[in-house]
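Peer 1: Sequence and predicted structure are below.
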Amino acid sequence: MSIETGRDGGEEVVAETKPVTRFTRWYRSPLFNVIVVGLISFTQPGIWNALNNTGAGGQQEPYLVNGSNSLTFGIMVFGCPLFSVLANKFGLRKILIIGTLGYAPYSASLYVNNRYGVEWFVLFGGVTCGIAASALWASEGAIALGYGDIKDRGKFTGIWLGLRELGQLIGSSIQLSLNVKNGQRGKVGYSTYLVLISLQCLGLPLALLISTPEKLIRRDGRKTLDPTKDKAVLVEAKKLWGLLKTKQFLLLIPILIGFNWNSTYQGIYLTKYFSVRARTLGALSSGLAATAANVFWGWFYDLKIWSRPVLAKITWLFFAVFMLGLFGWQVSNEKLYEETVPKITIDWASPEFGRAFAVNVLFRFMNESHYMFVYWMIGAFFNDLETLTLAIGLLRSFESIGSCISFGVGAAQVSPMVNLVIAFAMFGITIPATTAVVYMVPENPANAVKSSASGSDSANNETRVDPAAVTKIVSALDGTKSI
């Protein structure tokens, strides 16, 4: 064993010198685990997105699916923080496995409804999806952010979310190939769902490949103990409450709730005004746009040209200006198509297709960019895996509040313009608080205000070398070393 000083101001860590095979080093590496998490995300929310971005899960009318989605996100409001606490009790891997079990029943319910008109199953699928999504998002986000060093967090987040979009790209390509001749409005063919359901069933075997934190091996041979295991549930709940009260997290709440509100409107927009094949093309192009966002921001956030505080300010200025312009463009589109008589059906052969379609693609790019931005800021504020697990659970909880309410409004059969105006207003509400939190982004997590989620030093939590058992492999969880 040898002692070395951690990068970014970290304290001493213990490095393992026992030789391991090249395969083991790769299989246990943070990069491999992030890739596997990305592939899991590809088979679960990636396929869910592929269906959702056709407009109303491929259905002819959006209201039942919007109601089911509202139920899903309503469960996630409470499920995400609960599973983040349970992940610190039972370990991230076990919670991740639970997260792969509920998406396929939801997709199956869409198939049954599409083919046989069964509605109750869609709501049941919304419940199973909500439970699984709560577990999945609480665990996979913590793995993607927490398994890598802070210098790699932009890249790792991009890999994770980029692979998730691979699910949408493949799923929407399948949809487009099966519906390419349908130039009318209506619902997606039921054979589409069978292929996508089979892909979602791959999530469970992939989850079994994930290494627990103590089995990770970094490039320098370091191994670490698992800080997210065997913790007392009540203690973790207290830490969660303390984390929620930190200034950084409180200021993030508006953007978590309000930024992505437009997604519900976009589903209604595609369903109301576009042909089936144009909708499936919309799902494919949305996946391409989201993938482009993941690649670009993953590269941008790891640039060494500017400091992290400067990167945060540049990004948010671009977001605010561009989103305001997009909303103005969409309001003009909606007013035009809403007033068109007879009712318009926009196909890719239609002369107005470019104007109508481009704004949907750009919204998808910005929504994915928002995910990258928020996760990157969370990684800048909080560093150790235990705190990150709790922070991701809270993050997804508040995002779910926004999605639950927005899909609820989408299920209420209000006019598309009303839904769009509400989404526009919600984005406006996010601007002041997000601007404030952007000015708090530190160069390193050690320079941020300690999260001290329970009034203790959880954000600066360390596993120290036991003098009586120096052969144990430990790592200092000091707010500057990630796991």
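Peer 2: Happy to help now that I have it.
Peer 1: Can you give me every residue that contacts the residue most central in space within the chain?
Peer 2: A centroid search over the chain (CA atoms, centre = their mean) returns Y371, at 6.1 Å, as the residue closest to the centre. Contacts for Y371 (CB atoms under 8 Å, 6 or more residues apart in numbering) come out as L161. C-beta here means a position set from N, CA and C on the backbone, and glycine is covered the same way.
Peer 1: Then the one 5 residues further on?
Peer 2: Going by CB under 8 Å, 6+ apart, W376 touches R153, G154, T157, W297, Y301.
Peer 1: switch to 10 Å and redo it
Peer 2: Neighbour list for W376: 145, 153-154, 157-158, 297-298, 300-302, 308, 311-312, 315, 441 [criterion: CB atoms under 10 Å, 6 or more residues apart in numbering].
Peer 1: quick one: which helix or strand includes it?
Peer 2: helix 353-381 (DSSP states H and E).
Peer 1: quick one on the thing from earlier: quick check: of the contacts of W376, which lies closest to V418?
Peer 2: T315 (30.6 Å; CB to CB).
Peer 1: For the closest one, the count of nearby residues, please.
Peer 2: Neighbour count for T315, taken as other CB atoms under 10 Å: 20.
Peer 1: Retrieve the pLDDT associated with it.
Peer 2: On pLDDT, T315 comes in at 93.
Peer 1: now do I257
Peer 2: On the pLDDT scale, I257 gets 89.
Peer 1: how far away is the spatially closest residue to L92 that is not a sequence neighbour from S332?
Peer 2: Computed as CB to CB, 6 or more residues apart in numbering, the closest residue to L92 that is not its neighbour in sequence is S139, at 4.7 Å. S139 is 42 Å from S332, where distance means CB to CB, to the nearest Å.
Peer 1: With I75 instead?
Peer 2: From I75 over to S332 the distance is 36 Å, taken as CB to CB.
Peer 1: Could you do L303 as well?
Peer 2: Noted for L303: a distance of 35 Å to S332, by CB to CB.
Peer 1: and if you look at T291?
Peer 2: Using CB to CB, T291 is found at 28 Å from S332.
Peer 1: S139 and S332: which is more packed in?
Peer 2: S139 (31 against 12).
Peer 1: Just confirm A412 contacts I268, I think it does.
Peer 2: No. A412 is beyond contact range of I268, at 11.1 Å (criterion: CB atoms under 10 Å).
Peer 1: which helices and strands does whichever strand or helix holds A423 pack with?
Peer 2: Using DSSP H and E, A423 sits within helix 416-438. For helix 416-438, the elements it packs on are helix 247-258, helix 262-273, helix 308-338, helix 353-381, helix 385-411, judged by 3 or more CB pairs under 10 Å, 6 or more residues apart in numbering; DSSP states H and E.
Peer 1: Go through stretch 349-367 and flag the buried ones.
Peer 2: Buried residues in stretch 349-367, counted by 16 or more other CB atoms under 10 Å: 350, 353, 356-357, 359-367.
Peer 1: I misspoke; the intended subject was stretch 327-347.
Peer 2: In stretch 327-347, counting by 16+ other CB under 10 Å, buried: F327, Q330, N333, E334, Y337, I344, T345, I346, D347.
Peer 1: Endpoint to endpoint, it covers what distance?
Peer 2: End-to-end distance of stretch 327-347 (CA to CA, to the nearest Å): 22 Å.
Peer 1: Quick one: mean pLDDT for it?
Peer 2: pLDDT averaged over stretch 327-347 gives 88.
Peer 1: what do you get for stretch 389-403?
Peer 2: Mean predicted lDDT for stretch 389-403 stands at 87.
Peer 1: before we move on, the earlier item: more neighbours: A412 and I268, which one.
Peer 2: Using other CB under 10 Å, the more surrounded residue of A412 and I268 is I268, with 24 against 13.
Peer 1: Could you check how far the more buried one is from N69?
Peer 2: 12 Å.
Peer 1: how long is stretch 142-156 end to end?
Peer 2: Stretch 142-156: ends 11 Å apart by CA to CA.
Peer 1: Can you give me the buried ones in that stretch?
Peer 2: Neighbour count says stretch 142-156 has 142-150, 152-156 buried, by 16+ other CB under 10 Å.
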